[in-house]
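[1] Any chance you could fold what I've pasted below:
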Amino acid sequence: MAHALTPLAPGDADATLGPQNPKPLQGQDVPLYECGGRVHGVVEFARSHLGLLSDHEAGVVVRHIESLNDAKSIPSDLRPCLCRSSDFRSTASPPLHARRSGARSAYDESRGLKFKGCRPVVDGAEFPMEVLPFGSGAIEYTKVPFGVMRAEGVMREILAFCFATQHVLPIHSIPVCVWAYGDADIPLGYCLVLDTMGETRVEQFIDYPSHTVGDVIRAARDGRTSLPGVPIGSELALRGVNLWDYVGQKAGQLVRLHFSGGSRGLLNSNIGNDVLVRGAGGEVRVFLCDFDTFCVTPVPEVPDSIFLSAFVLRCLVEIVKGSLSILEYVDLPGDLSTAHKGERLAEVYFGRSSCWRAYKREFDRQVAKRNWDPRAVAAAFERACKSEAFVSVAAMSVLSSCYVDTMAAERGVFYPHN
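    From the prediction side, this is the model:
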């Protein structure tokens, strides 16, 4: 696929980004070996796994299934299954070298191909996952296989592509094919091959201070208003990135996605899943990526209070999860109620977060456009801020004693996004 957009390269510079030196793309080269398994066209895979989605979600995929790649469209060099793990290789020499992209994936920069979940493991290791069920006030913690994708995760990526097609949202990745590792007796998981716009994540430009969490806590307790070069209460900066352009683009996309019923889920709402790509005219565009926890819930024209509470909380925790962290310490005693913890965190977060301000402006425009009751929406936000789910994510965005207790982070470098 010929893209009119190109990923930003480390050290790339223009008037928007400036002559910066972001971290290299996720690390070293990795070999991709041929291995056992079966290659599926996206259409074939989607049709055989529709049952993993809700009826409403399956309908979205069915309406756009003709826009998906079939088996005939798979490039010949992608027809054998490939993986990063030498434990499963069937040939001595790897036919392809790519760039490491996180713990489980690889990226072919020359072709813009992402191999998501291409690292099957022999020990059955798992990865923690956060889930906020629609209508619940608390986050549930579960696990998914490490190194590969589940069939449901693949389907949710396909769902997100069909959803974006339906609602004319910016599309970062197009599914190319699916590799099913192992055989019928010993399935090892899946890898989704994606044609992407790039892998330059926004987090590569975050200007992390050299101070530790302990430094920030001690400064707050001493009543100091700053550390060397860092005002207490400030938001982490983006090196050379036009902040308001970035948050404006991101907020606009998220609000359109949310009000169309889409949700990236907590795992994928992290700021590390925002991508910067340069347009043909030199402008920098923001794309959302990684949708293996994506889901769709129908949005009624006239929502009742029960729906509003669930909807607003889901929107709120996703925008908080994807915001730049705030260098202010909030002491939350253990005997403080969840509601009071939420109030303290909300006061700091809402007052300091640029992402929130941009998002809330777009959110309010949608509320007015749909003639929703603004008082009912405001009441839903007030309830959301008192929930366990909000406290859980806000306590990571705003440095708090909850974060320190949970992460034992006082002696570590302040690095909450990863």
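[2] quick one: secondary structure of the spatially most central residue of the chain?
    By CA atoms, centre = their mean, the mean C-alpha position of the chain lies nearest to Asn268, the distance being 2.8 Å. Secondary structure, DSSP: H, G, I helix; E, B strand; the rest coil: Asn268 is coil.
[3] If we ignore the residues flanking it in sequence, what's nearest it?
    Asp290 (4.6 Å; CB to CB, 6 or more residues apart in numbering). Yep, even glycine has a C-beta here, placed from its N, CA and C like the rest.
[4] thinking again about what came up before, distance of the residue nearest to the centre of the chain from Asp207?
    24 Å (CB to CB, to the nearest Å).
[5] rewinding a little: the residue nearest to the centre of the chain reaches Cys295, doesn't it?
    No. Assessed by CB atoms under 8 Å, Asn268 is found out of contact with Cys295, at 10.7 Å.
[6] State the distance from the residue of the chain most remote from its centre to Leu327.
    What lies farthest from the middle of the chain is Asp222; by CA atoms, centre = their mean that is 36.2 Å. Here the criterion is CB to CB. By it, Asp222 lies 15 Å from Leu327.
[7] next one: Ser76
    52 Å.
[8] Next, the buried residues of stretch 222-239.
    For stretch 222-239, burial by neighbour count (16 or more other CB atoms under 10 Å) applies to Leu227, Val230, Ile232, Gly233, Glu235, Leu236, Leu238.
[9] Kindly provide the distance from the second one to Arg278.
    If I follow you right, that is Val230. Distance, Val230 to Arg278, by CB to CB: 30 Å.
[10] Likewise for the last one?
    Per CB to CB, Leu238 is found 16 Å from Arg278.
[11] can you tell me which of the buried residues of stretch 222-239 lies nearest to Cys177?
    Lowest distance from Cys177 to the buried residues of stretch 222-239 (CB to CB) belongs to Leu238, with 34.8 Å.
[12] Go ahead and confirm that closest one touches Gln204.
    No. Using CB under 8 Å as the test, Leu238 is too far from Gln204 to be in contact (9.6 Å).
[13] Walking through the stretch 301-418 of the chain, point out its helices one by one.
    According to DSSP state H, counting those that start in this stretch, the stretch 301-418 of the chain carries its helices in the segments 305-321, 338-352, 354-369, 374-384, 388-397, 401-407.
[14] if you compare those helices, which one is most tucked away?
    Here the criterion is mean neighbour count by mean count of other CB atoms under 10 Å, and of these the winner is helix 388-397, at a mean of 24.
[15] Could you write out the alpha-carbon coordinates of that helix in PDB?
    Extracted in PDB, the C-alpha atoms of helix 388-397 (Å, rounded to 0.1, in the frame of the first residue of the first chain):
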ATOM      1  CA  GLU A 388     -12.700   3.000  42.200                       C
ATOM      2  CA  ALA A 389     -12.000   2.900  38.400                       C
ATOM      3  CA  PHE A 390     -11.300   6.700  38.300                       C
ATOM      4  CA  VAL A 391      -9.100   6.600  41.400                       C
ATOM      5  CA  SER A 392      -7.100   3.700  40.000                       C
ATOM      6  CA  VAL A 393      -6.100   5.500  36.800                       C
ATOM      7  CA  ALA A 394      -5.900   9.000  38.200                       C
ATOM      8  CA  ALA A 395      -3.500   7.800  40.900                       C
ATOM      9  CA  MET A 396      -1.100   6.900  38.100                       C
ATOM     10  CA  SER A 397      -1.500  10.100  36.200                       C
END
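[16] who does it touch, helix- and strand-wise?
    On a contact count with 3 or more CB pairs under 8 Å, 6 or more residues apart in numbering; DSSP states H and E, helix 388-397 meets helix 305-321, helix 338-352, helix 401-407.
[17] can you list those helices in JSON lines and add distance to Arg375?
    Below are the helices and strands packed on helix 388-397 laid out as JSON lines (distance: least, CB to CB, whole Å):
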{"stretch": "helix 305-321", "distance to Arg375": "11"}
{"stretch": "helix 338-352", "distance to Arg375": "18"}
{"stretch": "helix 401-407", "distance to Arg375": "31"}
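[18] Format the ones you listed as a markdown table; extra columns: mean pLDDT and distance to Arg119.
    Below are the helices and strands packed on helix 388-397 laid out as a markdown table (pLDDT from 0 to 100; distance: least, CB to CB, whole Å):
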| stretch | mean pLDDT | distance to Arg119 |
| --- | --- | --- |
| helix 305-321 | 97 | 25 |
| helix 338-352 | 95 | 35 |
| helix 401-407 | 65 | 26 |
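[19] so Ala103 makes contact with Gly147?
    Yes. Contact criterion CB under 8 Å: Ala103 and Gly147 qualify, at 7.4 Å.
[20] any common contacting residues for those two?
    Arg119 (CB atoms under 8 Å, 6 or more residues apart in numbering).
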